[in-house]
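[1] here's a sequence, model it:
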Amino acid sequence: MASISFPFLDIIYSAFFFLLLFSFFHLSSASQHYTAIFSFGDSLSDAGNLLVNGTPPELTTARSPYGMTFFRRPTGRCSNGRLIVDFLAEEFGLPLPPPSQVRKHNFHKGANFAITGASALDFSFFKSKGLVDKIWNSGSLSTQIQWFESLKPSLCRTELACKDYFGKSLFVVGEFGGNDYNAPLFSGRKMSEVKTYVPHVIASISRGIERLISHGAKDLVVPGVLPIGCFPLYLTLYGTKNRADYNPRTGCLRRFNALAFRHNMLLRQELEKLQRRHPGTRIMYGDYYTPTVRFVLSPTRFGFSNGPLKACCGAGGEGSYNFNMKAKCGERGARVCRNPSTYVSWDGIHLTEAAYRSIARSWLKGPYADPPILR
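    This next block holds a predicted model:
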């Protein structure tokens, strides 16, 4: 029996298939469009808030050669160029989020509330621990969210409009935690005490996320902390002659990286709880730790041809890590390398623009964001 064809039905099925295909790609691309980016954090994210009311004379990050690679001048960013939040903004065709404390600025496409020295915990916590002298600004996470809430009326007029607007924005909440641990560590407190701070830090970050969600935030990237045991600063200050104190593969200090690892583990567990509690949101963990360790293990694979544990800007080749507390980047006696893009560390405690670019890509497309920002 001869087969019977139905050309009209074939056309209908084909049209339906292409309509579905078009709808899929349309929705997929639309989900990656953000109205604005709002960033919170410390010196890994600060775009100049610490400089808005005048430059503290002791602040070396406001001096040359900071900003030399991209901006050609110091901007308040603690690197030679752009930071991760800047690369995220560029990916979505948005302007680099400006410092939120700048007056009479249009923040409809985003704002950066981060400030150098910020902590997750409030000043009162450190006061109770006798660590007041190690916390030198009041820009904690809760304070930054207060700044956000003060700005909110200029961004949207009604709660419904705000929910819609913030639901189409990307929120980058952190990194927070680094300064919470620096304060006691630099004060000589025992590691056993510092480890007890971790649950308090995680709880503070969690409260901040809940607060932003209550305003309508839906897409939130929450970064963990860096492997501080690989920082030239820590390697210089806390170096020992005991080989057992170092990871044999990386050369990083074990106990400091163990602290960072614990923070990140507890943070991820908390983010999973928040995601279950708020199914209408997308809470993404941004991993600083793993890619930075990979830079140390396989530097040339990522384009870093110089020692991954050496600072680009520092004590002019002094010591194993090119870091000296008496000749920090921006101070007299310090020198800057010729090509910062070949270094992982910029000044001994912050990364270079090249390192931030690589991590930003891994957050956008994977594998170092869970889930990746680009769906």
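[2] nearest residue to the middle of the protein?
    E175 (4.5 Å; Cα atoms, centre = their mean).
[3] that one and I115, how far apart?
    Applying Cβ to Cβ, to the nearest Å, the value for E175 to I115 is 13 Å. Where C-beta positions appear, they are placed from N, C-alpha and C, glycine not excepted.
[4] quick check: neighbours shared by the two?
    D42 (Cβ atoms under 8 Å, 6 or more residues apart in numbering).
[5] need the contact list for L185.
    So L185 contacts M191, V194, F256 (Cβ under 8 Å, 6+ apart).
[6] ok, and the most crowded of the residues you listed?
    F256 (22 neighbours; other Cβ atoms under 10 Å).
[7] list the buried residues of the helix or strand where F166 lies.
    Following DSSP states H and E, one finds F166 within helix 159-167. For helix 159-167, the neighbour count (16 or more other Cβ atoms under 10 Å) marks C162, K163, Y165, F166 as buried.
[8] reformat the residues you listed as CSV; add pLDDT and distance to Y238.
    Below are the buried residues of helix 159-167 laid out as CSV (pLDDT from 0 to 100; distance: Cβ to Cβ, whole Å):
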residue, pLDDT, distance to Y238
C162, 98, 46
K163, 98, 47
Y165, 98, 46
F166, 98, 42
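[9] can you give me the strands for this protein?
    Remark: strands assigned in the chain by DSSP state E are 37-40, 110-112, 170-173, 219-223, 282-286, 313-314, 335-336, 369-370.
[10] out of the ones you listed, flag the one nearest Q146.
    With Cβ to Cβ as the criterion, Q146 lies closest to strand 37-40 of the strands of the chain, at 11.2 Å.
[11] and the closest one, what's its mean pLDDT?
    What strand 37-40 shows for mean pLDDT is 98.
[12] tell me, how many residues neighbour H200?
    When neighbours are defined as other Cβ under 10 Å, H200 has 13 of them.
[13] which ones are touching it?
    Contacts of H200 (Cβ under 8 Å, 6+ apart): L121, F125.
[14] tell me the spacing between it and D42.
    17 Å.
[15] what does K134 give?
    From K134 over to D42 (counting by Cβ to Cβ), the distance is 14 Å.
[16] out of those two, which sits in the busier spot?
    The neighbour comparison of K134 against D42 (other Cβ under 10 Å) goes to D42, with 27 against 18.
[17] list the contacts of the closest residue in space to that one that isn't next to it in sequence.
    With Cβ to Cβ, 6 or more residues apart in numbering as the criterion, D42 has its nearest non-adjacent residue at 4.1 Å, and that residue is A118. By Cβ under 8 Å, 6+ apart, A118 lies in contact with G41, D42, S43, D46, N137, G139, S140, L141, Q144, F176, N179.
[18] got it, and S362?
    D287, P291, Y368, A369.
[19] widest-spaced pair of those?
    Spatially, the most separated pair among these is P291 and A369, at 10.2 Å (Cβ to Cβ).
[20] distance from the chain centre to the helix holding F166, please.
    For helix 159-167, the distance from its own C-alpha centre to the chain's C-alpha centre is 25 Å (Cα atoms, centre = their mean, to the nearest Å).
[21] can you map out the helices along the stretch 151-300 of the chain?
    159-167, 178-186, 191-195, 198-214, 232-237, 254-277, 289-297 (DSSP state H, counting those that start in this stretch).
[22] quick one: distance of the fourth one to the chain centre.
    By that I understand helix 198-214. For helix 198-214, the distance to the chain centre is 16 Å (Cα atoms, centre = their mean).
[23] next, the angle strand 282-286 makes with that helix.
    Between the axes of helix 198-214 and strand 282-286, defined by axes from the mean of the first three to the mean of the last three Cα atoms, to 10 degrees, the angle is 140 degrees.
[24] give me the low-pLDDT residue ranges for the stretch 101-250 of the chain?
    136-137 (pLDDT under 70).
[25] so V172 is in contact with G41, correct?
    Yes - if you go by Cβ atoms under 8 Å, V172 and G41 touch, sitting 7.2 Å apart.
[26] and F171, what is it in contact with?
    So F171 contacts I37, F38, S39, F40, L212, A217, D219, L220, V221 (Cβ under 8 Å, 6+ apart).
[27] what's the closest of the residues you listed to G333?
    Relative to G333, and with distances defined as Cβ to Cβ, the nearest of the contacts of F171 is S39, at 33.2 Å.
[28] count of neighbours near the closest one?
    Per other Cβ under 10 Å, the neighbour tally for S39 reads 28.
[29] beta partners of it?
    N112, V172 (DSSP bridges).
[30] what's the spacing between it and R72?
    For S39, the distance to R72 (Cβ to Cβ) stands at 22 Å.
[31] same question, I115
    23 Å.
[32] now the closest residue to A244 other than its chain neighbours: how far from T281?
    Leaving aside its sequence neighbours, A244 sits nearest to R254 (Cβ to Cβ, 6+ apart; 8.0 Å). Distance from R254 to T281, counting by Cβ to Cβ: 36 Å.
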